Each structure stands twice: as C-alpha cells, then as structure tokens.
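Chemist: Everything below, folded, please.
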Amino acid sequence: MKIILIPLLVLAPLCMAATRLQCPGVPHVNTMNACRSACGTKFMYDLCIDAMRSGGIDPSLSHMEEATVYAILAANQTSASYRDTLEALRIQLQQNTSLSGPERDAYGGCQQDYVAAVNSIDLIYVTSLPNCFFGGLAGEYRKGMTSIENCRDRMLAPWLNRPPLYPLVERDRNKVVLAYFLGSLLGI
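Modeler: Numbers count the residues shown, from 1 in each chain. Model (predicted):
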C-alpha cells in the first residue's frame with residue numbers, strides 16, 4: 001500500500017496543478033525556453049531539462065506550460081529528494097555504529113537542517129505555488145538553500161573525510177537552486 005500511495009501523493013498534485021493553474025501574469029513557455037531563461041550555465045540547463053523529462057513534461061518546442069508548472073515540478077522533485085536524504089541520515093544515525101563522534105554530530109546537525117529545508121520547500125510546493133501566492137517565495141527558497149548549505153558545510157569540515165552522504169547533499173543543493181531559478185520565472 002505504501003509503495004502505491006507515495007507515487008500517487010507525489011504525482012496527483014502536479015497533474016491537478018498542470019490542468020488548473022492560471023496564475024495572473026505568469027507566462028506560458030515551452031520547456032527549453034523555461035530552462036534557458038532560468039538557468040545561466042550548461043550544467044543547470046541540462047539538470048533542468050532532465051528534471052522536466054523525468055517529471056513527464058513534454059520537451060517539444062510546440063508544447064507550452066504555464067511557468068508555474070515548471071516551478072511546481074522542480075519543488076516537488078526537491079521535496080522528494082530532501083526526504084530521501086533525510087531518511088538516509090536517519091538510517092546512518094540509527095544503524096551505523098561505526099560513525100565517529102564528529103560524524104555523528106555532523107549527521108545529527110544535518111538532520112535538523114533537512115527538517116528546516118523540507119518545511120521550506122513544502123510550503124512552496126504545497127501551499128504557495130498551487131495557490132499563486134508568490135510573495136515571500138524568494139526568501140523561502142533561500143531559507144531552504146541555506147539549510148542545505150549548512151549541512152554541506154558540516155560535511156566538508158576538515159575532520160571529516162567526505163562522508164558517503166555528501167553526494168546526496170550536493171545533489172539536493174543543485175535541486176533547490178534549480179527550483180529557485182524556475183521560481184524566478186514567476187517574478188519572485
């Protein structure tokens with residue numbers, strides 16, 4: 001039941017948003033133009049295109065979506081990724097008895113950082129974007145980004161030797177930056 005319910009909870013709001021969204025003043029653009037407008041580097045552009053494809057967005061030049069749909073998709077993917085990393089942190093803290101004291105402290109701090117990041121991205125994804133509430137979004141994206149960067153900095157401490165969860169944190173940082181860039185298409 002859990003396996004079926006989770007994809008439905010993730011995809012249902014996005015599908016409903018894609019069919020109902022009509023936020024005032026928000027442009028309709030195709031995927032390539034949305035990613036090109038939002039992203040300043042090839043790395044971020046490629047990440048954007050991959051995110052849209054994996055989210056089921058038609059990448060053809062003729063297919064147009066309201067820019068809010070792209071922002072919702074990126075926030076949704078960021079939220080899911082945060083939750084995966086938070087679960088990995090929980091497992092490491094509960095089951096990995098070989099963690100040193102400093103590693104355990106870093107992972108515990110990261111767990112707190114991730115709870116704050118999840119709260120920020122979920123506010124954006126669940127409440128703000130689907131309801132066309134764009135005021136304060138930039139600050140909320142930055143709060144989430146700062147939380148992830150705090151965790152990244154913990155893992156880059158000189159006494160830690162690049163913990164195995166570091167790539168997940170770096171992936172999450174890239175995802176939240178992409179979500180912020182796509183949110184910027186909304187004029188935030």
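Chemist: contacts, neighbours, all on C-alpha from now
Modeler: Will do.
Chemist: show me where pLDDT drops low in this protein?
Modeler: Along the chain, the parts satisfying pLDDT under 70 run over 1-20.
Chemist: and the residue most central in space within it, what element?
Modeler: The C-alpha lying nearest the average C-alpha coordinate of the chain belongs to T78 (CA atoms, centre = their mean; 1.8 Å). Using DSSP states H and E, T78 falls within helix 67-95.
Chemist: in that helix, what's buried?
Modeler: 67-83, 85-86, 88-90, 92-93 (16 or more other CA atoms under 10 Å).
Chemist: Please apply the same query to stretch 38-53.
Modeler: For stretch 38-53, by 16+ other CA under 10 Å, it's 38-39, 44-45, 47-49, 51-52.
Chemist: So which of these are in helices?
Modeler: Members of those lying in helices (criterion: DSSP state H): 38, 44-45, 47-49, 51-52.
Chemist: what residues are up against the closest residue in space to A51 that isn't next to it in sequence?
Modeler: The shortest distance from A51 to any non-neighbouring residue, by CA to CA, 6 or more residues apart in numbering, is to A74 (7.0 Å). Counting by CA atoms under 8 Å, 6 or more residues apart in numbering, A74 touches 51-52, 175-176, 178-179, 182.
Chemist: my read: G109 touches R152, true?
Modeler: No. If you go by CA atoms under 8 Å, G109 and R152 don't touch, sitting 10.4 Å apart.
Chemist: Among the two, which residue is more densely surrounded?
Modeler: It is R152, of G109 and R152, that has more neighbours when counted by other CA atoms under 10 Å, with 23 against 16.
Chemist: Check the offset of the helix or strand containing D113 from the chain's centre.
Modeler: Counting by DSSP H and E, the element that carries D113 is helix 101-122. In terms of CA atoms, centre = their mean, to the nearest Å, the centre of helix 101-122 is found 15 Å from the chain centre.
Chemist: Report the next helix or strand after that helix in sequence order.
Modeler: Helix 101-122 is succeeded, C-terminally, by helix 137-155 (DSSP H and E).
Chemist: Run the angle between the next helix or strand after that next one and helix 101-122 for me.
Modeler: For helix 137-155, the succeeding helix or strand toward the C-terminus, using DSSP H and E, is helix 166-183. Interaxial angle, helix 166-183 versus helix 101-122 (axes from the mean of the first three to the mean of the last three CA atoms, to 10 degrees): 20 degrees.
Chemist: Determine the angle, from 0 to 180 degrees, between helix 166-183 and helix 137-155.
Modeler: Using the same axes, to 10 degrees: helix 166-183 against helix 137-155 is 170 degrees.
Chemist: Report the backbone C-alpha coordinates of helix 166-183 in PDB.
Modeler: What follows is helix 166-183, C-alpha atoms only, in PDB (Å, rounded to 0.1, in the frame of the first residue of the first chain):
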ATOM      1  CA  TYR A 166      27.900  14.100   0.800                       C
ATOM      2  CA  PRO A 167      26.900  13.400  -2.800                       C
ATOM      3  CA  LEU A 168      23.200  13.400  -1.700                       C
ATOM      4  CA  VAL A 169      23.600  16.800  -0.100                       C
ATOM      5  CA  GLU A 170      25.300  18.200  -3.100                       C
ATOM      6  CA  ARG A 171      22.500  16.800  -5.400                       C
ATOM      7  CA  ASP A 172      19.900  18.400  -3.100                       C
ATOM      8  CA  ARG A 173      21.700  21.700  -3.300                       C
ATOM      9  CA  ASN A 174      21.600  21.600  -7.100                       C
ATOM     10  CA  LYS A 175      17.900  20.700  -7.000                       C
ATOM     11  CA  VAL A 176      17.000  23.600  -4.700                       C
ATOM     12  CA  VAL A 177      19.000  26.000  -6.800                       C
ATOM     13  CA  LEU A 178      17.200  24.800  -9.900                       C
ATOM     14  CA  ALA A 179      13.800  25.100  -8.100                       C
ATOM     15  CA  TYR A 180      14.700  28.700  -7.200                       C
ATOM     16  CA  PHE A 181      15.800  29.500 -10.800                       C
ATOM     17  CA  LEU A 182      12.500  28.200 -12.100                       C
ATOM     18  CA  GLY A 183      10.600  30.000  -9.400                       C
END
